[in-house]
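> Quick one, fold the following:
(chains A and B)
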There are 2 protein chains.
Amino acid sequence: MPTRTVKTSEVDVLIIGAGPAGLMACNALSKAGVNVRIVDKRPDKVMAGQADGIQPRTMEVLQSYGLVDQLLAQANQMHIAAFYNPNPVTGAIELTDRTPDVSETSTPYPFEATLHQGAIEEIFIDSIRKSGVEVSRPIAPGSIQISEIDKDSTNPDVFPVRVRFKPDFQKLWLTRSSQKVVLNHLDTLDDDGQPDTEVVHTKYVIGADGAHSWVRKSFDIEMEGEQTDFVWGVVDMVPQTDFPDIRNKSAIHSNHGSCMIIPREDDKVRLYIQLGSNEAIDATGRVDKEQMGPEKLLDVARKSMAPYTIKEPKNVDWWTIYRIGQRVAARFSVDERVFIAGDACHTHSPKAGQGMNASMNDAHNLAWKLVQVLRGWASPLLLKTYELERRKYARDLINFDKEFAKMFSGKIKATEGEEGFSHQEFMKAFQTFGGFTSGIGICYQDSVITNACHQSHARNLIIGKRLPSQTILRAADGRPIELQHLVPSDTRFKVLVFAGDIYDSAQKARVDRLGEDLAAADGFLRRYSPEGKISTAFDVLTIASKRDIVRVADLPDLLHSHWTKVFVDHKEFNGPRGGNAYANFGIDSHAGAVVIIRPDGYVGTIAPFEHVADLNGYFAEFTKQS
Amino acid sequence: MPTRTVKTSEVDVLIIGAGPAGLMACNALSKAGVNVRIVDKRPDKVMAGQADGIQPRTMEVLQSYGLVDQLLAQANQMHIAAFYNPNPVTGAIELTDRTPDVSETSTPYPFEATLHQGAIEEIFIDSIRKSGVEVSRPIAPGSIQISEIDKDSTNPDVFPVRVRFKPDFQKLWLTRSSQKVVLNHLDTLDDDGQPDTEVVHTKYVIGADGAHSWVRKSFDIEMEGEQTDFVWGVVDMVPQTDFPDIRNKSAIHSNHGSCMIIPREDDKVRLYIQLGSNEAIDATGRVDKEQMGPEKLLDVARKSMAPYTIKEPKNVDWWTIYRIGQRVAARFSVDERVFIAGDACHTHSPKAGQGMNASMNDAHNLAWKLVQVLRGWASPLLLKTYELERRKYARDLINFDKEFAKMFSGKIKATEGEEGFSHQEFMKAFQTFGGFTSGIGICYQDSVITNACHQSHARNLIIGKRLPSQTILRAADGRPIELQHLVPSDTRFKVLVFAGDIYDSAQKARVDRLGEDLAAADGFLRRYSPEGKISTAFDVLTIASKRDIVRVADLPDLLHSHWTKVFVDHKEFNGPRGGNAYANFGIDSHAGAVVIIRPDGYVGTIAPFEHVADLNGYFAEFTKQS
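Prediction:
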């Protein structure tokens, strides 16, 4: 074997895998100015199939990065869920119920969006390009090591992780794609002057490399959980059918198996079709696609959908068969230097539309923490909260999925005493799971960044949950503003000062005192602001409970750094939106409260005005003094 | 003088002037695929100052071209109007009232937007660039002739208008800008190989060349009306002030003259300041800017704004002085070959924020008519409706402006018996004029395209007015849709079939019969559709009065050409929007009606189901049989 030529490079974060998790991380990091690189072994983004469902919470998160409009311009929206069950006499399916697909109303996006994964990836690829980052592909990693000596170093010039790419992977792929079989002849390829391989020295690695994650396997991280007996097929197509709810999410339980309809962008529809537990499974228990095909899958679907018919579809985009596995990785992090995210951490059934959402939200949770640590603002122990928060969530997701998949693959009983469960039980489960399927119910447990000690001062701003949607008015110009738009994913903590009734003189005195406490030299705002510039690390927003405080000058300086930073809790002047923020959030409209929103939009902690010391303590736990 | 070299070219429409009117026309025409050219004598777009107010109706129109998001991303929004008047005792101004700036609620944009004209022009320049069109500048026209022989020709190969550009205008400008004075030495310039001038042969000219329109003067079109004695100054700046409503539209009547505050994008504010009738006016009655300056103007403003103060502003962007003139051109068209639009047709006071809006809406009114005629779909007499509709509007605008300017420049009386008018009278005028200032009240009179004979069948869809905002649900997927989004400016007539209660068998029979009448070979849909393809020239949308017609297949084929074309009048499944469309529009929810929306979004005519013949007659008036 001839001598190899090796290129070496340094980067702050290396992301392996450019699917939804990797791209979300890359977008968040590059937007924050982090020196980041993203590689993928696929030669191109996903062209069809794969994941396609976007939850309300994920739309909120995309909005926080300025990307939701691009999604909504292309995606289908599911507003209605329809339920079909067998007629007890004829056995043919019939409509039992139609309900809102999303019952959660505290979101600006009370629906699910569907769009094929490739188009979603493209939104991120466009966005990172604006920060000068491109996906390097096809590149596959070959080895990874964390330096035992350097792994705890906080020296910014130290790169404790070393990743070596597989030599000649790109050449191999190029050759493969031109139909030559050269698997064992790599070294005989023409020398094109390019180095044969590259060694990347990096501070952090994010392994977002899918269900068969190479990163996860490299560190022998086990997947805990098990396979099920449920086997399903999927077909993406433009259907020709008389099924009335073909443009709604439809859950069909028939006497011939279950079926789920997910309408997609343009005229496309995805069909999930339940197969027998041994159908399309080979002797080793693996799925064997050779035994199936889209026509065979549609024949199965036709049986459950009778009396409705599906003609030969115009266009089958994609199809697959899978056996549901429900597993969570034993660890999400190695030494807080290598992290895994997305499908690398959790696998489950796709029908509840969770996969891509969980993946993107893993990355959303991790990115700001890496930024804070890389900037030297936060202590590395902040990074421990990634596994804490997201692994707990993944386990909850699997438990939810077990229930959901069981009911979905199970049988609806027509009469009491039969085996199975009733439609009412299924509906109840569907609604109970709403918090989960919308992504909005997620609540991170207590940690250094989630401190619930003063919860009672904002009873409905649940510490650990995301800030709900609420329209408030800007004091200076009466413009209705969505509160969620004020907490973008810009890596800053938001300090929401619910000032209460500032026209009451006693309360005004409390507000003035709060202003002084916040302005103190040893208060968190000054102590943790790089170079003393508060707006670098924090955004202070004031929300008064009464209209007519156009005279923002009455407030302490810190509470009105600019006219755009002061709001009132009032209905919009000429329309239906807004009002009742204090009531909706469970905050006393006279006494107010201070609410800290984490950079990812989750409520971090709450304090009454007199407990600024507790806020100082909250930040002291994980923030480095500037 | 040496021989000149002359280039000749042909174009379907030549637009002279790339301000808001010219650019709006250019955008509409280029989007429709018309061969269009736009020239301007200015070397660059407006960088500061000039017009800045966008009405709700103009936002609706921008939305219809897919451009409103670009505006809203940059513009300030005015939601509140504040009124300040002298305290009867102290004489110092004080807040009298705050009201919604826009009282109209039938629009998705119930506010005024403000943004400097250059940024608005840029939105259009970006948009036309996507159609491959650039503004040619600096180019000034030198002569224009309409061929008497060809002017009535409908031969598509005939170009009856000839425009010759001024020779060497670009060279002159380039030379001027490098500070050389060569006004009388044009012919001595170096020969750069470029032709000296160009003659453009064109079918239509749009003169959108401003208040001193060269096109208007070339055809000796008179401006009818007069100057007033009202002189005002304008200053654009970033103010430092304790005036509480500095971010609201504020109308100030003081004992020292009037003043108006218009907040703008970012921290900018525009101040309109009333001057004495002889202030800054020279002996010939013209405005003399030499006598004034932004500091002097601010000194005048300070007197009316006391006790509030304005410190030295950070940044004066632009300032001017003007005497209000209120004039309308005697004609808007010459032989329906040359049209004038925008400030070329009408001048008036700027404070009601009408100018740029009237200009853009002139162009919006004209563009689709030119497209229909150029495509050979409509008879040239359609073009006569441009002057008919827009000149009437311009005269109404001037009448409104006279009242408004008088009250604005006038005095509020503190006590009965004094000269002047009361605050209540001013407020009443402000609200009465709301339809005008929002742009929504405009109603085009009867003509070949506005036929009010069956108004009673949709009492509140006023024939001649624009289609109001209304949320309806898409039948197939329950998605809430803004009705205005279904009538984009795509040059097609929209046929809204309010189908009524199609689950009543008698009504179902009527709907079926309507389907047959609409499908008839001599019906307007087939008769006026190029190559028999209805969707080229029409979009048929069905709106049923009851939920649960997911079975769109029950409708006649023409009324459900695609699943996205059928709607129901229902509140959204999981939110507050929508419902009551039939009631809001004054349509019988059982019997329904057919409503024709013109390509510019205005209601053209209405018919009950049994009167399809009247719709055929409506289109026969101006449409050519395909």
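> can we go C-alpha only for contacts and neighbour counts from here?
Fine.
> quick one: is the host helix or strand of A:Phe426 near chain B?
Taking DSSP states H and E as the definition, one finds A:Phe426 inside helix A:423-432. No: among the residues of helix A:423-432, none lie within reach of chain B under C-alpha under 8 Å from any C-alpha of the partner chain; the closest is 13.7 Å away.
> Average pLDDT for that helix, rounded please.
For helix A:423-432, the mean per-residue pLDDT is 80.
> Using PDB, write out every CA atom in the helix or strand following it.
Downstream of helix A:423-432, the first helix or strand assigned by DSSP H and E is helix A:434-438. C-alpha atoms of helix A:434-438 as PDB (Å, rounded to 0.1, in the frame of the first residue of the first chain):
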ATOM      1  CA  GLY A 434     -51.900  15.500  22.500                       C
ATOM      2  CA  GLY A 435     -49.300  17.200  24.700                       C
ATOM      3  CA  PHE A 436     -46.800  14.800  23.500                       C
ATOM      4  CA  THR A 437     -47.700  14.700  19.800                       C
ATOM      5  CA  SER A 438     -47.800  18.500  19.600                       C
END
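> what about helix A:434-438 and chain B, any contact?
No: Helix A:434-438 lies apart from chain B when judged by C-alpha under 8 Å from any C-alpha; the minimum separation is 13.3 Å.
> what does that helix contact?
A:55-57, A:102-104, A:112, A:352-354, A:397, A:400, A:441-442 (C-alpha atoms under 8 Å, 6 or more residues apart in numbering or on different chains).
> per-residue confidence at A:Pro2?
61.
> related to what we said a few turns ago, and the helix holding A:Phe426, how far out from the chain's middle?
Centre-to-centre, helix A:423-432 and its host chain are 25 Å apart (C-alpha atoms, centre = their mean, to the nearest Å).
> longest helix of chain A?
Ranked by residue count under DSSP state H, the longest helix found in chain A is helix A:384-409.
> Now do the end-to-end distance for stretch A:578-596.
With C-alpha to C-alpha, to the nearest Å as the measure, the first residue of stretch A:578-596 is 22 Å from its last.
> Which residues outside it are in contact with it?
Under the contact criterion C-alpha under 8 Å, 6+ apart, stretch A:578-596 has outside partners A:457-461, A:470-473, A:480, A:493-501, A:507, A:545, A:569-572, A:603-609.
> cool, stretch A:535-546 as well?
By C-alpha under 8 Å, 6+ apart, the residues outside stretch A:535-546 that reach it are A:491-502, A:525, A:528-530, A:558-561, A:565-570, A:582, A:589-590.
> which stretches of chain A have low pLDDT?
Across chain A, residues meeting the criterion (pLDDT under 70) sit at A:1-2, A:48-49, A:170-194, A:350-353, A:414, A:547-551, A:625-626.
> near chain B, which residues of chain A?
A:77-80, A:99-100, A:102-103, A:105, A:110, A:244-248, A:476-479, A:550-551, A:573-575.
> about what we covered before: from the contact counts, what lies against the longest helix of chain A?
Under the contact criterion of 3 or more C-alpha pairs under 8 Å, 6 or more residues apart in numbering or on different chains; DSSP states H and E, the helices and strands touching helix A:384-409 comprise strand A:257-263, strand A:316-329, helix A:355-374, helix A:423-432.
> List the buried residues of the next helix or strand after the first one.
Toward the C-terminal end, the helix or strand that comes next after strand A:257-263 (DSSP H and E) is strand A:269-275. Neighbour-count burial for strand A:269-275 flags A:Val269, A:Arg270, A:Leu271, A:Tyr272, A:Ile273, A:Gln274, A:Leu275 (criterion: 16 or more other C-alpha atoms under 10 Å in any protein chain shown).
> picking up where we left off before, now list the buried members of the residues of chain A next to chain B.
Using 16+ other C-alpha under 10 Å, the buried members of the residues of chain A next to chain B are A:77-80, A:100, A:102-103, A:110, A:244-248, A:476-479, A:550, A:573-574.
> Now, those that are in strands?
In strands, defined here by DSSP state E, the members of those are A:Gln77, A:Met78, A:Ile80, A:Pro100.
> List the beta-bridge partners for the last one.
Per DSSP bridges, residues listed as beta-bridge partners of A:Pro100: A:Ile80.
> Could you check how far the residue in the stretch 451-600 of chain A positioned nearest to chain B is from B:Glu112?
Taking C-alpha to the nearest C-alpha as the measure, the stretch 451-600 of chain A has A:Asp477 as its residue closest to chain B, at 5.1 Å. According to C-alpha to C-alpha, A:Asp477 and B:Glu112 sit 12 Å apart.
> these two touch, right, the residue of the stretch 451-600 of chain A closest to chain B and B:Asn248?
Yes: using C-alpha atoms under 8 Å, A:Asp477 is in contact with B:Asn248, at 5.3 Å.
> Please enumerate the shared neighbours of those two.
With contacts defined as C-alpha under 8 Å, 6+ apart, the residues shared by A:Asp477 and B:Asn248 are B:Met78, B:His79, B:Ile80.
> Would you format those residues as CSV with distance to A:Asn27 included?
Converted to CSV, the shared contacts of A:Asp477 and B:Asn248 look like this (distance: C-alpha to C-alpha, whole Å):
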residue, distance to A:Asn27
B:Met78, 34
B:His79, 35
B:Ile80, 38
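> Now list whatever residues contact both of A:Asp477 and B:Glu112.
Counting by C-alpha under 8 Å, 6+ apart, the residues touching both A:Asp477 and B:Glu112 are B:Met78, B:His79.
> Skip the chain neighbours and tell me the closest residue to A:Tyr386.
With C-alpha to C-alpha, 6 or more residues apart in numbering or on different chains as the measure, A:Leu366 is the residue that lies nearest to A:Tyr386, at 5.8 Å, once sequence neighbours are left out.
> List the contacts of the one you found.
Contacts of A:Leu366 by C-alpha under 8 Å, 6+ apart are A:Ala25, A:Leu383, A:Tyr386.
> Could you pull up phi and psi at A:Asp600?
With angles defined as degrees, to the nearest 10, A:Asp600 sits at phi -90, psi 10.
> So the nearest residue to it once chain neighbours are set aside: helix, strand or coil?
The shortest distance from A:Asp600 to any residue other than its chain neighbours is 5.8 Å, reached at A:Ser489 (C-alpha to C-alpha, 6+ apart). Three-state secondary structure (criterion: DSSP: H, G, I helix; E, B strand; the rest coil) places A:Ser489 in coil.
> Surely A:Pro56 touches A:Ser103?
No: with contact defined as C-alpha under 8 Å, A:Pro56 and A:Ser103 do not form a contacting pair (10.7 Å).
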